[in-house]
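S.K.: I would like to see how this sequence folds:
(chains A and B)
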Amino acid sequence: MAKELGKSVLKGENITKVFGYGKTRTEAVKQVNFDFHEGEVISIVGESGSGKTTIARMILGLIGITEGTLLFNGQPRDISNGRKKKEYWKNIQAVFQDPFSSFNIFNKIDDLLLDCINMTGGKHKSDKEKFDMMTEACSFVNLKYAELTNKYPFELSGGQMQRLMIARVFLLKPKILIADEPTSMVDACSRATILDMLLKLRDEINMTIIFITHDIGLAYYVSDSVYIMEHGKFVESGPAEDVIIHPQAAYTKRLISDVPKIYGEWDLSTV
Amino acid sequence: MKHQLKQAFSSSKFVLGFVLFSIMLLLAIFYPIFSPFDPMEMVGSIFYPPGTYVSVSDTVQATYNGFNIDPSEAHLKAALSPENREKMKNWLVRFGGVNEADIDIEDTVALVDLWDAHYSSDNPQEGLLSSEKKSYSRLDKSLAKAKTGIKTALYTENSDGEMEESLIISDRDYVRVNDVANTVTLPLGADNFGADMLTKLTNSIRVSLQIGLVAGLIATLIGLTIGLLAGFLGGLVDNILTFLTNIFTVIPSFVILILIANSVGQAGRGPFVVAMIIGVTAWPWTARSVRSQVISLRNRDHVNLSKLSGHSLPHIILNDILPYVASYVVMALILQVSSGILAEAQLSMLGLGPSTTTTTTLGMMMNWAQQYTAHLSGAWWAFIPVILSVAIISFSLNLMNTGLDQIFNPQLRED
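M.R.: Alright, predicted model coming up:
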């Protein structure tokens, strides 16, 4: 999977996030550095509470960065007002972990997809064009728009919802996609389909995917480079083959040995 | 929405509360329309007991119908008070030689028969004072009169302005109530002003419900706005709004209520002014609970997704937060209406309710009943129905709230 790296789209320098103050002060992310390139699939792997989701939210601009600079396309990111934030979110989108809580259950699926079309400047398109775009997006993720129209998200299954989420990304065509454990709440069959669709979408629009997961096997399967995270720090990073086949850090070795194997003894000594 | 309504009506508690509330509401709306009286009209006089009142003059003028019913037993019953029965029993045991066990003072006919068989004024009656002997002889005479029946003569004014006897009324003459031209029915008697209690009560229920609803809506609206803003915006805004809410929570709201009501003055206090006063002091509770709900919603993925879709702050609050807290707010509104009605009753009990000459409320009816010492004069109809109405309204609203709570929080369901 090793291939020529594109230009840098997102670069973090000494990113730190602190929650609370005084006695409740916790450093969720400590001085991390990263460099993500165009068209690359990056995995951030770590256990619960290691700060993966905090990094994702900082990159998305949903929470502020306590310290450090984030360079977007080589420029310091500026989301100081609503208009700039909106502009930024045209370039960066997310797929969340729990499909059941990702949708507003009071909005119809049509509204959700229309929002995406309006956001990318399709507000003045005719109804026919909008309809065609929505149909195309749904068929990309193996859903039929005719069956979804006038339905609410909670009427779909978990796998269908997650695919609808990808249809949304397909309409928005962002430069960067943050996938925060998109497959941990769906069954194994849907998982493969969803991953394939994400990778297909990457190939189609040359999008960078930041894949956040606790499953190191999955990370090896999908990513070009891997960042291993422990207690708010990156303990190891590099191309997927290097990190996972020849792990250096003790934490990475432990993560790999924790993966259940179908054959052979499960080594519990490291747990 | 339709689904949730269906669910609400599957809860027996909600249905019971709803039915009770509807009965009170329908009573309040429709009874005053059909009632012959104005709620403020002074029909009778202070604390007339419940019942149908027929005009005496119209009764004697009406057509008489003879009935073959011996009226003496009813007359005897009316003539014999419990003390007289006891007196008769004493005499019979002491001088008549009757066994005490044979006398049943409740059985009027048997008692009078025994009396007739044994009483004689010629009996020496040793040990009795002459005044006591005379009182027994008077009792005997009144019994004899009740048995024979009383004839009443009717005198009517003739054309010369003189009274002349026109009719002898026998004690077996009856008048059909429907034939009497003037009757007044006071199902719950009259209050201290002589107004019909039921008309006044239903009118008061209507006004009190209006006050409760307006107060509840105002309190919920203020609480909801503050709760949404504080919970969603967080940071400095949250700190300021929470500080404000805490101040209002810490200061006893009833004291503020009394102070505001007092400073507005008696003349300025219409029902809606009172409702507004109650509303602007009751919101902190709603604000706090909405804020905590919103904080738990704020970091949900659907809100993040809405932000990523480039929606503005008002759009997110109205579309992604408000529908999720709506069921909760409806429940809070129901409780606010209930506490608004109770707050009005409390205020009016203290004499700080709406101005008394123009309207009636449940609290004011209780206030008047207390001032005219209805509880001492035994006029239960002046305050028991009012208390029951307040209790039923507040009970039904709380029951609906509990029913809804069980639907929206399935953990609370019993089965």
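
S.K.: Can you find the helix or strand in chain B with the smallest mean pLDDT?
M.R.: Counting by mean pLDDT, DSSP states H and E, the weakest-scoring helix or strand in chain B turns out to be helix B:2-8, with a mean of 73.

S.K.: Against which helices or strands is that one packed?
M.R.: helix B:384-408 (3 or more Cβ pairs under 8 Å, 6 or more residues apart in numbering or on different chains; DSSP states H and E). For the C-beta atoms, the positions are set from N, CA and C on the backbone; glycine is no exception.

S.K.: Surely B:Ser45 forms part of a strand?
M.R.: No: using DSSP: H, G, I helix; E, B strand; the rest coil, the secondary structure at B:Ser45 is coil, not a strand.

S.K.: Contacts for the least confident helix or strand of chain B next, please.
M.R.: For helix B:2-8, contacts defined as Cβ atoms under 8 Å, 6 or more residues apart in numbering or on different chains pick out B:Phe14, B:Ser327, B:Gly403, B:Leu404, B:Ile407.

S.K.: relative orientation of whatever helix or strand comes next after that helix and helix B:384-408 in degrees?
M.R.: Next helix or strand after helix B:2-8 toward the C-terminus (DSSP states H and E): helix B:12-34. In terms of direction (axes from the mean of the first three to the mean of the last three Cα atoms, to 10 degrees), helix B:12-34 departs from helix B:384-408 by 140 degrees.

S.K.: In helix B:12-34, which residues are buried?
M.R.: B:Lys13, B:Phe14, B:Gly17, B:Phe18, B:Leu20, B:Phe21, B:Met24, B:Leu27, B:Ala28, B:Tyr31, B:Pro32 (16 or more other Cβ atoms under 10 Å in any protein chain shown).

S.K.: Quick check: mean pLDDT of that helix?
M.R.: Mean per-residue pLDDT for helix B:12-34: 91.

S.K.: Now do it: which elements does it pack against?
M.R.: Where contact means 3+ Cβ pairs under 8 Å, 6+ apart, helix B:12-34 is packed against helix B:197-233, helix B:384-408.

S.K.: export those helices to a markdown table and tack on mean pLDDT?
M.R.: Output for the helices and strands packed on helix B:12-34, formatted as a markdown table (pLDDT from 0 to 100):
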| stretch | mean pLDDT |
| --- | --- |
| helix B:197-233 | 93 |
| helix B:384-408 | 90 |
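
S.K.: out of those, which comes closest to B:Leu128?
M.R.: Proximity to B:Leu128 (Cβ to Cβ) singles out helix B:384-408 among the helices and strands packed on helix B:12-34, at 45.6 Å.

S.K.: in the chain, which segments are predicted with low confidence?
M.R.: As the question left the chain open, I've gone with chain A. Scanning chain A with the threshold set as pLDDT under 70 gives A:1-5, A:261-271.

S.K.: I was thinking of chain B, sorry if that wasn't clear
M.R.: Chain B contains residues with pLDDT under 70 at B:1-2, B:4, B:149-150, B:356, B:410-415.

S.K.: Quick one: name the residues of it near chain A.
M.R.: Contact residues (Cβ under 8 Å from any Cβ of the partner chain) of chain B with chain A: B:300-302, B:304-313, B:319-320, B:323-324.

S.K.: Report the secondary structure state of B:Asp113.
M.R.: Under three-state DSSP, B:Asp113 comes out as helix.

S.K.: any idea how far it is from A:Ile245?
M.R.: Relative to A:Ile245, B:Asp113 is positioned 120 Å away (Cβ to Cβ, to the nearest Å).

S.K.: again, but for A:Gln97
M.R.: 28 Å.

S.K.: What of B:Ala282?
M.R.: For B:Ala282, the distance to A:Ile245 (Cβ to Cβ) stands at 67 Å.

S.K.: Could you do A:Arg254 as well?
M.R.: Relative to A:Ile245, A:Arg254 is positioned 16 Å away (Cβ to Cβ).

S.K.: With neighbour numbers in mind, choose between these two.
M.R.: Neighbours were tallied for A:Arg254 and for A:Ile245 using other Cβ atoms under 10 Å in any protein chain shown; the higher tally belongs to A:Arg254 (15 against 10).

S.K.: For the more buried one, pull up the helix or strand it's in.
M.R.: helix A:250-257.

S.K.: same for that helix, what does it pack against?
M.R.: strand A:225-230, strand A:233-239, helix A:240-245.

S.K.: For the second one, buried residues please.
M.R.: What it means is strand A:233-239. For strand A:233-239, the neighbour count (16+ other Cβ under 10 Å) marks A:Lys233, A:Phe234, A:Val235, A:Glu236, A:Ser237 as buried.
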